[in-house]
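# Quick one: sequence plus predicted model below, questions after.
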Amino acid sequence: MMVWVTRGIVLGLLAFIILGPLANLVLWAAAEQWYFPHKLPLTYGTKFWEQVFKPRGDALVSLVTSVWIALATVAACLALAIPAGYALARLKLPWRTAILLAFLMPQAFPSLAVYINIARIFYDLRLNGTMTGVILVHTVHGLVFAVWITAAAFAAVERDLELAARNLGGSPLRTFFTVSLPLAAPGIMASAIFVFLESLDEFTGTFFVGVPDVITLPLLMFTASIAGNYQIAAITALVLLVPSVVFMLFIERFLKADVLSKVGA
Amino acid sequence: MVLALFVYPLGYSLVTAFEAKGGGFTFGNFAKAFEFYRVDIGFTLVIIGFSTFLIGLASIAIGGYLTLGENPRAVALLRWLYRWPLFIPFVVAAQCMRSFLAKNGLMNNTLVGLGVLDVSQTTSFLDWRGIVITFVWKQTPFVALLVAGAMASLDRSTIEAARNLGAGRLRILFEILVPQVAPTLLVGLILSFVTMMSVLSVPLMISGESPTMMTVDMAFRINNYGDYGTANALGFISYLLTAACAWVYLKRAVRQ
């Protein structure tokens, strides 16, 4: 009995710490009026939702911008990661570890200091404030996940299946497209979702490279929050939150243990 | 691609850090960085060091309970619960905390509602404590996921043997589990450390006052003065801090 009481208290406290901040965000998103000293919102409503999602409003424009950037980033990352991942998994490359580590580098240095210099170089190339510039920055940032997970996915494909296809007279290219690629598809899908989310949520790089012309959803949320528009900030934050939480709940479906164990190996 | 968009800007930042306004080599940028931001550099180190420490403790506790917990229902509940913040972006985490930790936020309101605190005793946590809380909240699931995975793949027989010999769970955790997962824990903590070194949104949104973190100073130097020299000097210092961290890891890896 006593054990359950302590267990209940500890788990309850943990639930409060973990879910409390999220609950507060949801409350703000649903509140129409909320001021001191009231502990809960005075009136609830969808007034701010209509304001955020009104046609041609800032938020909708930002959402479309964010999604386009994220899709282009995924396309760029996969175009590079599928050949690179296959090569890393199958061919005996010299410097294999060094290549894997090179993709990790953007994660191993504090990226902010790099972004300010990218912004400066892009300024000379007239890439600052353009979608292309932002997509390039997001691609470099997402490449490590894409390459590492794709390489692991290809490594988990049984080599015998490829050899069997070759024995039956399939060309290397045909074997790749009909055997290796479909079998590695779940892992590649996982890396695509990863890159998509990373790009959707990216703040620091866009803050330096995209401003003032490219306003993604995280930047819009930041501006609203600093200006004290808590409802608008909360609603935008919720929009950003939903894909992240859904992915967290389903990550194990996409990333099977046999792929996970080969990441970075 | 990585070379063009990462290594080149990195080199550029190193050069700019040592370059005087009109060109030529100087340590002036560093002198200026230390003169203005000495306190902030220390503040950044203390905040991130403290957060990393707490993240480590929390992940060991979560991973340990997931591996050694005897009640399947409590273990399942914890497994479901701890991962929530895993993919939540820093900006959103900061916004959540901005409302949760405020003087009139949900945290204080709940504590007052439960009778733990009086209204007059409530304080806002939106200062260095808020930054630490946000970092720990956001980064613990990531490290805990790695640690719990590593603990789950360990050989159960040593745990059972220790248990049969009468060792308590806490003793098993710190004498058998933690030493074996130490490399994984270290990798997770170093990655978290580096990530926290470059987060701009959290310190900007949680605590606007001085002293603040180096990332805010870098952004300020650039947006308000276009002063790339000082900003890059600060950037160089942040590289050094992370390099020291990575060095500890590499030394360990080489020894094994």
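Cool, the structure landed.

# which residues does B:Leu154 contact?
For B:Leu154, the contacting residues are B:67, B:177, B:180-181, taking CB atoms under 8 Å, 6 or more residues apart in numbering or on different chains as the criterion. All C-beta spots, glycine's among them, are computed from the backbone N, C-alpha and C.

# Neighbour-wise, which one of those leads?
Neighbour counts for the contacts of B:Leu154, by other CB atoms under 10 Å in any protein chain shown, peak at B:Val181, which reaches 25 neighbours.

# related to what we said a few turns ago, so which of the contacts of B:Leu154 are in strands?
Of the contacts of B:Leu154, none are assigned to strands by DSSP state E.

# Inside helices: which ones of the residues you listed?
Judged by DSSP state H, the subset of the contacts of B:Leu154 located in helices is B:67, B:180-181.

# Looking at these, spot the one nearest chain A.
Taking CB to the nearest CB as the measure, B:Val181 is the one of the ones in helices among the contacts of B:Leu154 closest to chain A, at 15.1 Å.

# right, and the closest one touches B:Ala148 too?
No. Contact criterion CB atoms under 8 Å: B:Val181 and B:Ala148 do not qualify, at 9.1 Å.

# who touches both of the two?
Taking CB under 8 Å, 6+ apart as the contact criterion, the common neighbours of B:Val181 and B:Ala148 are B:Gly63.

# number of nearby residues for A:Val67?
15.

# Please identify the helix or strand for it.
helix A:58-90 (DSSP states H and E).

# What helices and strands are in contact with that helix?
For helix A:58-90, the contact count by 3 or more CB pairs under 8 Å, 6 or more residues apart in numbering or on different chains; DSSP states H and E identifies helix A:47-53, helix A:96-108, helix A:131-155, helix A:181-201, helix A:217-226, helix A:230-254 as packing neighbours.

# Tell me the helix or strand right after the second one.
Reading on from helix A:96-108 to the C-terminus, the next helix or strand found by DSSP H and E is helix A:111-124.

# Can I take it that A:Glu32 is in a helix?
No. Per DSSP: H, G, I helix; E, B strand; the rest coil, A:Glu32 lies outside any helix segment and is strand.

# so who does it touch?
With contacts defined as CB under 8 Å, 6+ apart, the neighbours of A:Glu32 are A:41-45, A:47-48, A:231.

# Would you write a PyMOL line that selects the buried entries of the residues you listed?
A single PyMOL command suffices to select whichever of the contacts of A:Glu32 are buried according to 16 or more other CB atoms under 10 Å in any protein chain shown:
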select buried, chain A and resi 41+48+231
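
# just to revisit the earlier point, and chain A, which of the ones in helices among the contacts of B:Leu154 reach it?
Near chain A, judged by CB under 8 Å from any CB of the partner chain, there are no entries from these.

# now these as TSV including pLDDT and distance to B:Phe53?
Below are these laid out as TSV (pLDDT from 0 to 100; distance: CB to CB, whole Å):
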residue	pLDDT	distance to B:Phe53
B:Thr67	86	21
B:Gln180	85	21
B:Val181	85	17
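
# where does chain B dip in pLDDT?
Flagging of chain B using pLDDT under 70 yields the residue ranges B:1-8, B:12, B:20-25, B:208, B:210, B:253-256.

# Which single residue of it ends up nearest chain A?
Using CB to the nearest CB, the point where chain B gets nearest to chain A is B:Gly235, with a distance of 2.7 Å.

# Okay, buried residues for the helix or strand containing that residue please.
Element membership for B:Gly235, per DSSP H and E: helix B:228-255. For helix B:228-255, the buried set under the neighbour-count rule, 16+ other CB under 10 Å, comprises B:228-239, B:241-242, B:245.

# Neighbours of the residue in chain A positioned nearest to chain B, how many?
Among all residues of chain A, A:Ala113 sits closest to chain B, at 2.7 Å; criterion: CB to the nearest CB. Summarising burial for A:Ala113: neighbours were counted as other CB under 10 Å, giving 27.

# Next, work out how far apart it and B:Arg163 are.
Separation of A:Ala113 from B:Arg163 (CB to CB, to the nearest Å): 49 Å.

# hmm, back to that, let me see the mean pLDDT of the helix holding A:Val67.
The average of the pLDDT scores along helix A:58-90 is 86.

# again with stretch A:147-155
Computed over stretch A:147-155, the mean pLDDT rounds to 83.

# Export that stretch to PDB, keeping only CA atoms.
What follows is stretch A:147-155, C-alpha atoms only, in PDB (Å, rounded to 0.1, in the frame of the first residue of the first chain):
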ATOM      1  CA  VAL A 147      22.800   9.800 -44.200                       C
ATOM      2  CA  TRP A 148      23.200   7.900 -40.900                       C
ATOM      3  CA  ILE A 149      19.700   6.500 -40.900                       C
ATOM      4  CA  THR A 150      19.700   5.600 -44.600                       C
ATOM      5  CA  ALA A 151      23.000   3.900 -44.300                       C
ATOM      6  CA  ALA A 152      21.700   1.900 -41.400                       C
ATOM      7  CA  ALA A 153      18.600   1.000 -43.400                       C
ATOM      8  CA  PHE A 154      20.600  -0.300 -46.400                       C
ATOM      9  CA  ALA A 155      22.900  -2.200 -44.100                       C
END
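
# Quick check, B:Ala144 in contact with B:Gly56.
No. No contact is recorded between B:Ala144 and B:Gly56 when judged using CB under 8 Å, the distance being 10.0 Å.

# the more surrounded of the two?
B:Ala144 (26 against 20).

# Backbone dihedrals for the more buried one, please?
Main-chain torsions, B:Ala144, degrees, to the nearest 10: phi -60, psi -40.

# Name all residues that make contact with it.
For B:Ala144, the contacting residues are B:58-59, B:62-63, B:82, by CB under 8 Å, 6+ apart.

# got CSV for the contacts of A:Glu32, with pLDDT and distance to chain B too?
Rendered in CSV, the data for the contacts of A:Glu32 read as follows (pLDDT from 0 to 100; distance: CB to the nearest CB, whole Å):
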residue, pLDDT, distance to chain B
A:Pro41, 74, 11
A:Leu42, 68, 13
A:Thr43, 70, 17
A:Tyr44, 75, 15
A:Gly45, 71, 18
A:Lys47, 73, 18
A:Phe48, 74, 14
A:Gln231, 81, 11
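
# Disregarding residues adjacent in the polypeptide, which is nearest to B:Lys103?
Spatial nearest neighbour of B:Lys103, chain neighbours left out: B:Ser124 (4.1 Å); criterion: CB to CB, 6 or more residues apart in numbering or on different chains.

# gap between that neighbour and A:Ala72?
According to CB to CB, B:Ser124 and A:Ala72 sit 41 Å apart.

# The two - which one has more neighbours?
The residue with more neighbours, out of B:Ser124 and A:Ala72 and counting by other CB under 10 Å, is A:Ala72; that gives 18 against 14.

# Skipping adjacent residues, who's closest to the more buried one in space?
Across the structure, with CB to CB, 6+ apart as the measure, the residue nearest A:Ala72 apart from its sequence neighbours is A:Ile135 (4.8 Å).

# Next one, pLDDT for that neighbour please.
As predicted, A:Ile135 sits at a pLDDT of 88.

# residue contacts, it?
A:69, A:72-73, A:76.

# Which one of those sits in the busiest neighbourhood?
Among the contacts of A:Ile135, the one with the most neighbours (other CB under 10 Å) is A:Thr73, at 28 neighbours.

# and it, what does it touch?
Remark: with contacts taken as CB under 8 Å, 6+ apart, A:Thr73 is in contact with A:135, A:138-139, A:142, A:195-196, A:199.

# Right, I'll leave it there.
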